[in-house]
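*Asks:* Give me the fold of what follows.
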Amino acid sequence: NETVESLLATLARDLLDHERLSASLLGGRVDMTSLKVQRDRDAYHLSLIVDMGGEQIKPFATVLAVEDAWKPMAAPRSLHARWKPVYDSLCKALTDALSQQGRPSSL
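*Replies:* Numbering: from 1, shown residues only. Just a heads-up that it's a prediction; the model follows:
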């Protein structure tokens, strides 16, 4: 449902810890207008675009609906340690946005 996804994106944008995100990007610039939430069955993915001085990186985070509760996925093992705080920030914003909307069964 696109309406739910755009509502979640708006909520996540408001809930995102901008200072923590910027601090962990080492000079990268976050394009907040690029923030998107997409649903894929029981998974919700949040992504946005970060400009790292001309190179565009698209970090993402995933939260799953498990037994009618929200379960943030751990960062992928292949993720560089420098990007882990970014992943954690995105994951927290998405989890908080989903929680504000209620349980998975209500979405």
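*Asks:* Select the longest strand from this structure.
*Replies:* Ranked by number of residues, the top strand in the chain under DSSP state E is strand 29-40.
*Asks:* Could you give the average pLDDT over that strand?
*Replies:* Mean pLDDT, computed over strand 29-40, is 95.
*Asks:* can you give me the helices in the protein?
*Replies:* 2-15, 18-24, 84-100 (DSSP state H).
*Asks:* Mind putting the ones you listed into a markdown table with distance to residue 74, mean neighbour count and mean pLDDT?
*Replies:* C-beta: built from backbone N, CA, C; applies to glycine. Shown next, in a markdown table, are the helices of the chain (distance: least, CB to CB, whole Å; neighbours: other CB atoms under 10 Å; pLDDT from 0 to 100):
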| stretch | distance to residue 74 | mean neighbour count | mean pLDDT |
| --- | --- | --- | --- |
| helix 2-15 | 19 | 16 | 95 |
| helix 18-24 | 17 | 14 | 86 |
| helix 84-100 | 9 | 20 | 96 |
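*Asks:* before we move on, the earlier item: name the residues of the longest strand of the chain that are buried.
*Replies:* Buried positions in strand 29-40, judged by neighbour count with 16 or more other CB atoms under 10 Å: 30, 35-37.
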